[in-house]
Structure formats: structure tokens, C-alpha cells
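Colleague: Provided below are the primary sequence and the corresponding predicted coordinates.
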Amino acid sequence: MSHIAPELDELFASARLVQPDDEDVRTVLRRIEFRQRHASARRISSAGAVVLSILAVFTVGAVGAVATGWTPMGLGGSSPVELVTTSDPVPQELTEHLALLRSPPATQDRDENAQNAAEAVPNSGPVYADGIRYVGDSPFGERMYLVPIHDNVDAGRDPQGTSTDSYSAVALVVQGKFGGIGTSNGVPLSSVLSPRGLQSVENPVVGSSAEALRDDASIPASLKQGSWFSEIVPDGVATVRVTFPDGASEEFPVRNNVMLGHSDRELGGTTVTWLDAAGTVLPHSR
Amino acid sequence: MTLTGTQSADEREVMARRALTLALRTATALLGSGDSARDVAQDVAVIAVTRRGQLRDPQLFDQWVHRIAVRECSRAMRSSARRRANEQPFEESLFEGGTTIDRDDALTARQALAELPDRERIALTLRYVHDLSDKQIASAMKCRPGTVASLLSRGRRRLRSTPEMQTLLTSPGGLS
């Protein structure tokens, strides 16, 4: 590298050493989450004006995928990303581990919220539309869904799932006015069976819904602080024990293969332990 | 860095941190170390991660971030230039009648760099902050490598001819 002047070298050298602090990273992650949710909300709100035309039917391996074309405005619109659904049954490898996905569909699994839940999974492979299941309501009164996905490493630029490197995944999607909890992206089945940590951590007080959440007097103040986290867990897991970096641990119940937790503690480096109904520790991989 | 269309929270954080680091270094060199650089760097990281599906070759993630950073920094520099045109900036008030009031060398160097045309500043930044080749800079700036060589050459020459750099070059313990 040639030298211009020591002072300029110093100027550039100091720039070379700059590192973002953790708060900057957290801010970026919250903004990313906001944009993804906002893009989804805009698609949903404009659904009445947009005819979701069936563009094509693809049969790839065991998956027949239907592309319903939309362009996520929040992503710039320069490269259309298609929501793809498939009417194929949910793969056995998912249903054998997740009882909720084995359950027959109820009315609440077919309503508009459930269909919108499919659109809330960004850059995913084909969604098993008939496999979406209502989990329950969040503490904020939002409706939570499990969305099974035939995902692939090229999802986002290969929405039809033509990649041979595909895998089954499932997402926890929240439909509601706050939208502060959920995995957003599909969690690969392998990660559901062998979690390396919390699958999703959210701070609902930050982001697009923060103002609405703060102003809602029906929600206790304690729930508006701290972080929410979630885990999608396989059958047999009744409780998830979360051990925080400070050594403290708390246990959170599982309902319909989903654990939803809340804490004011620092969550970086949190570990997860599974317990069955008898309180026995379960292995993570089975 | 390996990118996939579907990221876990951990993978997304790694990607965001990488983009933020690259962009922050570029923005700091071009805009200074204040909030403006942080804001621009955050914008770049958000764009890079949310539009990752548009990236055909995951190996080109860094190059892609540089390209977004160049665009966003250029926008910020233009905005800053407009503000300076409408306001009497504090820094320029330090110069009166061509006389330089006492200031430290780092600030003088930054002033010299700030006086270069934007594209020359960007080319110099990408070279000296990120050690990019002419070809890589050309990709980030969407121009030909030959143009980059010209920008770098002119930028260096122009830097040396600025009054600020002349001051440094002739000051005791300076660069001569």
C-alpha cells in the first residue's frame, strides 16, 4: 500500500479498525425484523386490491408448488419474490415429531389469519398450505401458527424449490397488531430436534408495533419490557428450561409444540434444556 | 461467509454484523466517526440482509455490501453538501481570509479528504480502508477498472495539492 501522508494513513487506519458495538448490531437486527414484518403487512393489507393469480404449477420431486406472485415492496421491488404454496401433504419427518402438524385441520387453521401466516415467512421455499396449524394466542392476544415449509438453501432466489438441497422446516408465525414474537424464518427440522439455543428472541417494545403496544392499557406493563423468546420443540417436551448467562434458570411450559417465554434478563449465550412431563431431562437429538 | 436463503437467527446476526462492520468502516472514512456514519452503516446492513435473496453468488457478499455502502455514502455526502450550502458550517468558519486557525493534523487531513470529489474519496477509501483491488473497487462503484486507476491517481495528486495538505507538508515535523 502506498503512503499518501501519515495523517491520511492514520485516518484510513483508524477507519480500518472500527468495529460496530453490540447495540448497533441489535438495532440492525430489530430493523431487519421490522422491515420483514412490514413488507408482509403491506402485502396482506393490499390483498384485496391484488389478484393473486396462479402463475404456474410446478412439480418438483414430491412437491407440487403453486406460485402466487407478489412483489414485496419493502424489499425494493427490483426482484420479485414469490410466495409459493403447495397442496402436498406435510412430510412425515415433520409430522412424526410435531403432533400439532398431525392433527386434523380445524376451522381456525383455514381462516384468513392462517392463510396470511403463510405470507409472513420471508424468502422461504414452498409452504405446505394445508399443514398450517393454529398454536394458540400470544399474551398480547395475537394468533400464533406453525407453518411447515419445504425449504431449500436457495430459497429467495429459487422460490419454486427446484434446488435439490431441500429440507423440511417449520416457522412460528404471529398474526396480530403487534407481531413482536415469532421465528419469521423457517427453522430447519434438524434445529428443532437439536437446538443450539433459543430459536427466536424478540423485543416487542422496539419496532413498528412498539407505540401501539405501549399505548395498549390492557397489556400489563411487565409484559411490555424485556425480551420474548420462543422454541419449537418435538413431541414429548413438556417444559423448556432456559439457563441464562448469569447462571439463573427458568422453566417455561410447552403448548402445541411451542414454548413461549419472557424475561428481563440478558439472553446472549442462553442454553436450553428439555424436560418431559415427569421432569426428566430429555436428550436434544433423537 | 456462507449465505442461504433461510437463515437462523444466529446466521442472520453474523451476516448483519459483517455488513455493519464493512459499511461502518467505509462510512467512517467518508463521513467521519459521528452518528451520520453509524446511521448510514446501519442502513447498509439492513438493506444487505433483507435483500440477500437478490444476491446470486453468496461469495460476493462483501462486494455487494461495498456497492450498497458506496451508494448510501454517496447519498449522505450529497445531503451533507446541500446542508453545508444552506448553512454556515462551523468547520468552515475556522478558515477566515485563507488563514488556517490552529487545528490538529488529523482534522486537517480529514478536511483535505473532504475537499476531494466524491468519487475520488470513495475510490481512495475502498483502496486504503478495505485494501480492494482496482477491479473490486470498479465493481463497487459500477465503473471500469481503468476509471478506478484514474480516480486513485487524481485523488492522490489532488490531495497533495490541497491547502490543508500543503500546510501539513510544510509544517515542522510534517511530511516533507
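Modeller: That came through, no problem.

Colleague: can you dump the C-alpha coordinates of the helix or strand harbouring B:Val148 into PDB?
Modeller: Remark: B:Val148 resides in helix B:145-161, with elements defined by DSSP states H and E. The C-alpha trace of helix B:145-161 is given here as PDB (Å, rounded to 0.1, in the frame of the first residue of the first chain):
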ATOM      1  CA  PRO B 145     -11.000  -0.700 -13.600                       C
ATOM      2  CA  GLY B 146      -9.300   1.900 -15.700                       C
ATOM      3  CA  THR B 147     -11.600   4.600 -14.300                       C
ATOM      4  CA  VAL B 148     -10.700   3.500 -10.800                       C
ATOM      5  CA  ALA B 149      -7.000   3.800 -11.600                       C
ATOM      6  CA  SER B 150      -7.600   7.400 -12.800                       C
ATOM      7  CA  LEU B 151      -9.700   8.200  -9.800                       C
ATOM      8  CA  LEU B 152      -7.000   7.000  -7.400                       C
ATOM      9  CA  SER B 153      -4.200   8.800  -9.300                       C
ATOM     10  CA  ARG B 154      -6.100  12.000  -9.500                       C
ATOM     11  CA  GLY B 155      -7.200  11.700  -5.900                       C
ATOM     12  CA  ARG B 156      -3.700  11.300  -4.600                       C
ATOM     13  CA  ARG B 157      -2.400  14.200  -6.700                       C
ATOM     14  CA  ARG B 158      -5.300  16.400  -5.700                       C
ATOM     15  CA  LEU B 159      -4.800  15.500  -2.000                       C
ATOM     16  CA  ARG B 160      -1.200  16.700  -2.100                       C
ATOM     17  CA  SER B 161      -2.200  20.000  -3.700                       C
END
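
Colleague: Any buried residues in that helix, and which?
Modeller: Counting neighbours by 16 or more other CB atoms under 10 Å in any protein chain shown, one finds that the buried residues in helix B:145-161 are B:Thr147, B:Val148, B:Leu151, B:Leu152, B:Arg154, B:Gly155, B:Arg156, B:Arg158, B:Leu159, B:Arg160. Just so you know, the C-beta spots here come from the backbone N, C-alpha and C atoms, and that holds for glycine as well.

Colleague: Stretch A:9-22 too?
Modeller: So stretch A:9-22, judged by 16+ other CB under 10 Å, has buried residues A:Leu11, A:Phe12, A:Ala15, A:Val18, A:Pro20.

Colleague: and the nearest residue to the last one once chain neighbours are set aside, what element?
Modeller: If the residues on either side of it in the chain are set aside, A:Pro20 comes closest to B:Leu20, at 4.4 Å by CB to CB, 6 or more residues apart in numbering or on different chains. Under the assignment given by DSSP H and E, the secondary-structure element containing B:Leu20 is helix B:9-31.

Colleague: Thank you kindly, that will do.
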